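K.L.:
Provided below for reference: sequence and predicted model.
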Amino acid sequence: MDTEMERKALAEKDMREWCVALPKVELHAHLNGSVRNSTLLELAKQLADKGLIVFEDVKDVIMKNGRSLPECFKLFDLFHILTTDHDTVTRIAKEVVEDFAAENVVYLEIRTTPKNNGAKGMTKRSYMNAVIKGVKAVEAVDVVLFDSNSRTNDTLTCTPTIELDGDTKKKRIYVRLLLSIDRRETTSAALDTVNLALEMKDQGVIGIDLSGNPVVGEWETYLPALQHAKELGIPITIHCGEVPNRKEIQAVLDFCPQRLGHVCCLNDVEWKMLKSLIIPVEICLTSNVMTGGAPSLELHHFADLYNAKHPLSLCTDDSGLFSTSLSNEYYLVAATFGLSKPQLFRLAQEAVQFIFADGNVKKSLKEVFRHAEKRLMMPSAIGAPN
Ligand SMILES: CNc1ncnc2c1ncn2[C@@H]1O[C@H](COP(=O)(O)O)[C@@H](O)[C@H]1O
Ligand SMILES: [Zn+2]
């Protein structure tokens, strides 16, 4: 290896490690899209042993790299077969929180679609209870699932007084839950999800998401539920413009939710409207490139929004499905668009403004970043700032 290549390899290693060390805020992560491949394979093996699936077929699908949008949704149907019983839901929720915490995500909003499944004795409520059980079962880090002030008769699995970010103390991660409405659902099922979010607001549920296959369903079907959530004061984020559906993109912008995911296929007029409404955007680079929402990393609309100082936050979408991590998404921004460490730090820090959790959590997270700034911007930190 010549010296130039060596220098490049070292610089990449340094930047990757720095992106892992950076405290990060994850606002767009689907539970079932964030499951470890090793867990999916183990679950597939169990079903294969019962003769319910053919392991080799499923293994190839799980391990495949690169996924088109239609393939993603076929895969989700498979994932749901693998994961949908209460114990498995608990297990994946625990592992997903552990994985994000391990790469220094300090605030995580996990979104998931509450599922009714008569065969498993599962209701939307019992599904969510299983998710919460998993989040609370995390031991490797301190998990704060809801504001201790609004705590009901439940006990936290963490000690809220533990100092943040101390090297010798356990790490802390704030976790909040968003309930997703799947575009396949009926108006009444979507309304059930919003009512469940209201019912569970003291248990870490703080918002509503609209997601699912973007070529399925009609905006009018979900609108009553989204309107209901708005009236109840529940924050809403919507998957917008994964495909060029002009009528729906306009309707979503007119609805003006608190945040938007993706915003890939907007035309000039819609783009201007998005910018004038200043709706924060959850940017999912790898996901958009893999599913064809963006032509390439280099041509991703991140650059336009970033240069326009539009509020945005880097997110993974489906870290398992797309074999990425939030640290990797920050690294990609550095490698593709040339952002420096101080610029990446600001990007991570500014995401705190767009979280759905309350002011106390924002205050604590600002402290986390204040501490981290000293550490990560010092010349002795993993690589000097550049
Ligand atoms: C790739 N882009 C995407 N676009 C739209 N919806 C997506 C998505 N990625 C994931 N989901 C939504 O999240 C569900 C899986 O997690 P949960 O079962 O809810 O935990 C998928 O079934 C889909 O509805
Ligand atoms: Zn998504």
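P.N.:
Thanks, I have the structure now. Ligands and ions are numbered 1, 2, ... in the order given.
K.L.:
near ligand 1, which residues of the stretch 101-250 of the chain?
P.N.:
By CB under 6 Å from any ligand atom, the residues of the stretch 101-250 of the chain that approach ligand 1 are 112-113, 180, 182, 211-212, 239, 242. For every residue, glycine as well, the C-beta is placed using N, CA and C.
K.L.:
Determine which two of these are furthest apart.
P.N.:
By the measure CB to CB, T112 and E242 form the most distant pair in these, at 18.4 Å.
K.L.:
Helices of the stretch 51-200 of the chain, start to end?
P.N.:
Along the stretch 51-200 of the chain, the segments classed as helices by DSSP state H, counting those that start in this stretch run 55-63, 69-83, 86-102, 124-136, 187-199.
K.L.:
Specify the angle between the third one and helix 124-136 in degrees.
P.N.:
Using axes from the mean of the first three to the mean of the last three CA atoms, to 10 degrees, one finds that helix 86-102 and helix 124-136 are set 40 degrees apart in direction.
K.L.:
Please identify the buried residues of helix 86-102?
P.N.:
For helix 86-102, the neighbour count (16 or more other CB atoms under 10 Å) marks 86, 88-101 as buried.
K.L.:
The last one now?
P.N.:
Neighbour-count burial for helix 187-199 flags 189-197 (criterion: 16+ other CB under 10 Å).
K.L.:
Adding distance to K45, write these out as JSON lines.
P.N.:
Shown next, in JSON lines, are the buried residues of helix 187-199 (distance: CB to CB, whole Å):
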{"residue": "A189", "distance to K45": "32"}
{"residue": "A190", "distance to K45": "35"}
{"residue": "L191", "distance to K45": "38"}
{"residue": "D192", "distance to K45": "34"}
{"residue": "T193", "distance to K45": "32"}
{"residue": "V194", "distance to K45": "37"}
{"residue": "N195", "distance to K45": "38"}
{"residue": "L196", "distance to K45": "33"}
{"residue": "A197", "distance to K45": "35"}
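K.L.:
so which of the residues you listed comes closest to ligand 1?
P.N.:
The closest of these to ligand 1 turns out to be T193 (CB to the nearest ligand atom; 10.7 Å).
K.L.:
H228 is in contact with that closest one, correct?
P.N.:
No - in this structure, T193 is not within contact of H228 by CB atoms under 8 Å, at 10.1 Å.
K.L.:
Tell me which of the helices of the stretch 51-200 of the chain lies nearest to P311.
P.N.:
If we rank these by CB to CB, the stretch that ends up nearest is helix 86-102, at 21.7 Å.
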